[in-house]
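1. Let me see the structure of the following:
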Amino acid sequence: MNPAVVQAMAEEGIDISAEIPKVLTVDAVQASDVVITMGCGDTCPVFPGKRYLDWQLDDPAGQGVDAVRPIRDQIRGRIEELTAELTI
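-> Just a heads-up that it's a prediction; the model follows:
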């Protein structure tokens, strides 16, 4: 796990220090109404009837916490917008 990402999330009270990146599985996609990817393109499983959103974001790999914070904040903003849209 990228230490700058761990630090940026800890600033928001979210501890991801013990987490590991997870592959988007077929089962996860089948169980979802909305599938959010971040640049996986054709490598992600696609099923009819699912809503797909591909969020193009800067890659935090090798970046310091100052570069990671805006990425974190963009993701939060998009999640808040999507949550508001889905609860209407």
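
2. Enumerate every residue touching W55.
-> W55 makes contacts with 36-38, 75, 78, as judged by CB atoms under 8 Å, 6 or more residues apart in numbering. All C-beta atoms are positioned from the backbone trio N, CA, C, and that covers glycine.

3. Are any of the residues you listed buried, and if so which?
-> T37 (16 or more other CB atoms under 10 Å).

4. Tell me which entries of the contacts of W55 lie within strands.
-> 36-37 (DSSP state E).

5. from the contacts of W55, which is closest to F47?
-> The shortest approach to F47 among the contacts of W55 belongs to T37, at 13.1 Å (CB to CB).

6. hey, what's that closest one bridged with?
-> As for beta bridges, T37 partners with D54 under DSSP bridges.

7. just checking, it touches D54?
-> Yes. Between T37 and D54 there is a contact at 4.9 Å, judged by CB atoms under 8 Å.

8. who touches both of the two?
-> By CB under 8 Å, 6+ apart, no residue touches both T37 and D54.

9. returning to what we had before: export the contacts of W55 as JSON lines, with columns for pLDDT and distance to G62.
-> Supplementary listing: the contacts of W55 in JSON lines, determined by pLDDT from 0 to 100; distance: CB to CB, whole Å:
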{"residue": "I36", "pLDDT": "89", "distance to G62": "23"}
{"residue": "T37", "pLDDT": "84", "distance to G62": "21"}
{"residue": "M38", "pLDDT": "82", "distance to G62": "16"}
{"residue": "I75", "pLDDT": "96", "distance to G62": "18"}
{"residue": "R78", "pLDDT": "96", "distance to G62": "23"}
